[in-house]
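give me a 3D structure for the following:
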Amino acid sequence: MRHNDKILKLALIFVFGGIFIYYFSHNPLQTSIFAPCPFYYFTGFFCPGCGSQRALHLLLEGNLWGAFRFNPLLVLTLPILVYGLGITAANWIFGTHYRFMLFYGKLFIFGYFGLAIIYWVIRNLPYYPFTVLAPPS
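This is a model prediction of the structure:
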């Protein structure tokens, strides 16, 4: 491994560690550095990612139910994403070539994005029980 690769990897660890610490210690509801959702800002409708910043903050605090209340799709998807990113990071760090084959299947790709679109639509319906999917104000 070249010296520049080691420096880059170390720098990325510090950057992501810093982001983790910042998200843990600053509530997105009380800090203006976090950007609001542009889709919600311009349309008044929630996108599939609305509430994700607050949900991540609550997850880092260990509040699973609070995070689920802000964005259930994120909370349910996060274990798969963390596992896939973990494999990618391990490949990059150790020079291996493992793959998380779920991400390469057409059924998963089309199914997940279809689910995200359905979630996007139903979380904006003004009828109970769909109003429960909208993030709390």
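
let's see the pLDDT reported for the residue nearest the centre of the chain.
By Cα atoms, centre = their mean, the mean C-alpha position of the chain lies nearest to Leu74, the distance being 5.6 Å. Listed pLDDT for Leu74 reads 95.

low pLDDT regions in this structure?
1-3 (pLDDT under 70).

mind running it again at 90?
Scanning the chain for pLDDT under 90 picks out the ranges 1-37, 53-54, 56-57, 60-61, 81-82, 84-105, 108, 137.

and the contacts of the helix or strand where Gly111 lies?
For Gly111, the host element (DSSP states H and E) is helix 106-122. Residues from elsewhere that reach helix 106-122, judged by Cβ atoms under 8 Å, 6 or more residues apart in numbering: Phe46, Cys47, Pro48, Leu73, Thr77, Leu102, Phe103, Phe130, Leu133. Heads up, the C-betas are built off the backbone N, CA and C, glycines and all.

quote the end-to-end distance of stretch 91-105.
20 Å (Cα to Cα, to the nearest Å).

now do the buried residues in that stretch.
Of all the residues in stretch 91-105, not one is buried under the rule 16 or more other Cβ atoms under 10 Å.

for it, what is the distance to the chain centroid?
Relative to its chain's centre, stretch 91-105 lies at 20 Å (Cα atoms, centre = their mean, to the nearest Å).
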